[in-house]
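>>> this one's structure only:
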């Protein structure tokens with residue numbers, strides 16, 4: 001197809017190869033009608049060629065359309081921009097792994113369209129070259145704009161240096177931009193994405209403080225396995241107060257994301273809007289996770305962005321091992337550790353902490369400014385400090401690199417809590433575990449003394465396991481002493 005416009009009104013099946021040359025265009029037959037292509041062999045889009053559904057989505061409507069804001073952008077994969085702080089933007093919607101929805105429109109005196117929906121299955125190689133494009137962008141006109149639509153591609157291999165996109169439409173300083181849409185590319189052959197040097201994107205337009213949020217791009221290879229690829233939340237460094245909703249707030253969300261790693265890149269932002277399980281979270285510098293009081297269950301965590309704890313904090317149900325050392329913890333809420341894994345805090349943070357399950361470890365030399373409560377699981381203070389009250393209501397308090405030494409302001413070990421102490425010598429901090437308490441100490445729980453192999457304390461030896469400047473209130477409960485190694 002060269003210098004021609006093809007508008008199929010149903011699923012188009014191509015028995016061999018399909019080449020869209022310069023000036024060749026394939027679009028949907030009409031607005032709000034999906035464009036579906038099935039190419040048995042190879043599909044090539046040359047420079048100047050296009051398969052697009054730009055502005056073929058919802059007209060001045062859709063799930064992400066804002067009824068109350070005339071100049072607000074439409075939402076889809078990412079939230080649309082909000083031009084008027086007195087109203088709210090439309091909700092996010094649709095599937096991360098297999099997007100099929102149209103983008104939502106907007107209004108600025110005249111109606112605007114969202115991006116359309118494209119579905120392409122290629123039995124061989126999909127090549128998108130040069131200025132060639134597969135696109136489902138939202139419509140923009142003067143003030144506001146529609147959100148990006150959907151692009152779903154399944155191919156044996158992907159090559160070229162062109163563009164595959166579902167961007168929000170452009171806008172000006174008097175209105176707000178549409179949110180990015182959703183893109184998913186699944187490779188069924190033995191290769192990966194390294195042969196494609198182009199752009200996979202779902203950006204929002206960059207013009208003003210009312211920019212929308214970028215959308216989502218899902219990448220999956222055969223080696224990943226079905227449903228175990230990566231969702232990229234990449235805003236292209238477009239500054240915005242908006243974000244991607246996880247899960248989307250429109251409609252019932254049933255998509256299984258438990259094997260998917262979310263990659264937050266170039267200012268990408270995700271807000272939790274319910275308890276959700278994913279495979280992992282990989283945050284680059286400049287990215288943000290808004291907890292909003294919900295639980296995120298995951299197996300891996302790579303940090304370099306910001307975890308925002310306002311609006312109720314966040315529960316990280318981590319079932320693997322991870323370290324927070326480069327991330328910023330902002331806001332006034334609480335970070336709660338759940339899950340069976342180990343979360344290590346490797347930087348000084350000013351936040352309240354809760355341990356419900358698994359292990360929360362405070363690394364050596366690290367100070368946590370705030371109160372910490374252990375309800376279950378295990379808190380290990382690895383020669384670190386808690387500048388606040390430590391309450392052990394359940395679970396276990398231990399010194400991580402035992403023997404070691406930790407410092408807290410106030411210590412309250414309640415009836416359901418356990419203090420675990422390693423004894424390997426006579427020197428506090430190096431021979432046995434010690435907690436230095438600068439404030440008050442209240443004891444009512446169990447004491448678990450663990451004797452190191454080969455160490456036999458003498459009858460006159462003493463161990464100051466809690467060194468406080470103030471009198472201790474009550475003591476460990478009778479019968480709660482456990483001494484390993486055969487000693488009593």
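Arrived safely. This is a predicted model, so every value here is computed, not measured.
>>> I'd like the distance between residue 1 and residue 169.
Residue 1 sits 26 Å away from residue 169, going by Cβ to Cβ, to the nearest Å. C-beta: built from backbone N, CA, C; applies to glycine.
>>> make that residue 105, sorry
9 Å.
>>> any common contacting residues for the two?
112, 138, 139, 146 (Cβ atoms under 8 Å, 6 or more residues apart in numbering).
>>> who touches the helix or strand containing the first one?
With the criterion set as DSSP states H and E, the secondary-structure element containing residue 112 is strand 111-112. With Cβ under 8 Å, 6+ apart as the test, strand 111-112 has contacts from 55, 59-60, 74, 105-106, 138-141, 144-146, 169.
>>> returning to that earlier point: which residue of residue 1 and residue 169 possesses the greater neighbour count?
The residue with more neighbours, out of residue 1 and residue 169, is residue 169; 32 against 17, by other Cβ atoms under 10 Å.
>>> Regarding the more buried one, what is its secondary structure?
coil (DSSP: H, G, I helix; E, B strand; the rest coil).
>>> need the contact list for it.
Residue 169 touches 55, 73, 112, 115, 137-141, 145-148, 177-178, 205, counting by Cβ under 8 Å, 6+ apart.
>>> out of those residues, which is most surrounded?
Neighbour max across these (other Cβ under 10 Å) = residue 147, 50 neighbours.
>>> Need the pLDDT of that residue.
Looking at residue 147, its pLDDT stands at 97.
>>> What distance do you get for it to residue 137?
In terms of Cβ to Cβ, residue 147 sits 9 Å off from residue 137.
>>> Need the residues touching each of those two.
115, 168, 169, 181.
>>> Helices of the stretch 351-488 of the chain, start to end?
Using DSSP state H, counting those that start in this stretch, the stretch 351-488 of the chain contains no helices.
>>> where does it have low pLDDT?
478-488 (pLDDT under 70).
>>> Next: the chain.
In the chain, residues with pLDDT under 70: 67-70, 84-87, 109, 142, 173-174, 208-209, 478-488.
>>> please redo it, this time with the cut-off set to 50
479, 486, 488 (pLDDT under 50).
>>> I'd guess residue 296 is in a strand, am I close?
Yes: the assignment for residue 296 is a strand, going by three-state DSSP.
>>> now it, which residues is it bridged with?
Under DSSP bridges, the beta-bridge partners of residue 296 are residue 276, residue 316.
>>> what do you get for residue 387?
residue 369.
>>> thought it was touching residue 368?
Yes: using Cβ atoms under 8 Å, residue 387 is in contact with residue 368, at 6.8 Å.
>>> More neighbours: which of the two?
Counted by other Cβ under 10 Å, residue 387 and residue 368 do not tie: residue 368 has more neighbours, with 26 against 15.
>>> ok, residue 30 - how many residues close by?
So residue 30, with other Cβ under 10 Å, has 10 neighbours.
>>> who touches it in this structure?
Listed by Cβ under 8 Å, 6+ apart, the contact set of residue 30 reads 9, 56.
>>> Which of the three states applies to it?
coil.
>>> From residue 146, how far out is it?
Residue 30 is 16 Å from residue 146, by Cβ to Cβ.
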